[in-house]
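Peer 1: Okay, sequence plus prediction incoming.
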Amino acid sequence: MHAYRRACDVSALDDVLAAVAAAMHESATRWYLFGAQAATLWGRPRLTADVDITAEIPLERMDDFLEAMKRQGFALRFDDREFVNRTRVFPFLHHRTEIPLDVVLAGPGLEEEFLDRAINVQVEGTTVPVISPEDLIVTKVLAGRPKDIEDVGGVLRERAESLDISRIRRTLRLLEEALAQSDLVVAFETELEKLR
């Protein structure tokens, strides 16, 4: 179990993570934190006021999940099942802190592997499963926006010595084949080269 304490005052984010963890435990849902908050944990902090998680929610437990989220202070920003079906995202808002939370529904394959490899981190007393740094890099390279590539650089600068670089390359190559893309490994290698 990794322990992590952030230097700046982020008590509102800590409250959201504690509420998410409680709702996930209550509804027996596997999940992990990803996105900017994971990039802050594994790399370098950057300003953001939202939280992104991926959750494995079987259809038969969907109502239990939604009820647990409601009991922990979350409400859907808009209740549009067509949007959820199309995007696989539940857009919540944590009432007390007014922090947005996007819950991405895990699909089969790669996201299941990410769930299996998530690392439990202690964040201000709450156990939070966080996407592994290697898998975070993969998701950030795939997203490809300038801020995502910046996050890749931050994780590499902080954790290069402990990362499984070959696993990152292997996963990116598989994604290139699946998506008929050829720029993912190059984007990663470009960031890696900056460390040398």
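Peer 2: Yep, it's here.
Peer 1: What residues of stretch 161-173 count as buried?
Peer 2: The neighbour-count check on stretch 161-173 (16 or more other C-beta atoms under 10 Å) flags 163, 168-169, 171-172 as buried. (C-beta placed from N, C-alpha, C; glycine too.)
Peer 1: just stretch 122-139 next, same as before
Peer 2: Buried residues in stretch 122-139, counting neighbours by 16+ other C-beta under 10 Å, are found at 123-124, 126, 128-139.
Peer 1: can you give me the helices in this structure?
Peer 2: Under the criterion DSSP state H, helices of the chain are mapped to 11-26, 35-42, 62-71, 81-87, 110-117, 133-143, 146-159, 165-179, 184-193.
Peer 1: nearest to R96, of the ones you listed?
Peer 2: Among the helices of the chain, the nearest to R96 by C-beta to C-beta is helix 11-26 (6.8 Å).
Peer 1: list the helices and strands that closest one packs on?
Peer 2: Where contact means 3 or more C-beta pairs under 8 Å, 6 or more residues apart in numbering; DSSP states H and E, helix 11-26 is packed against strand 30-34, strand 51-56, helix 62-71, strand 89-94, strand 99-105, strand 126-130.
Peer 1: tilt between the first one and helix 133-143?
Peer 2: Translated: strand 30-34. Orientation check (axes from the mean of the first three to the mean of the last three C-alpha atoms, to 10 degrees): strand 30-34 against helix 133-143 gives 70 degrees.
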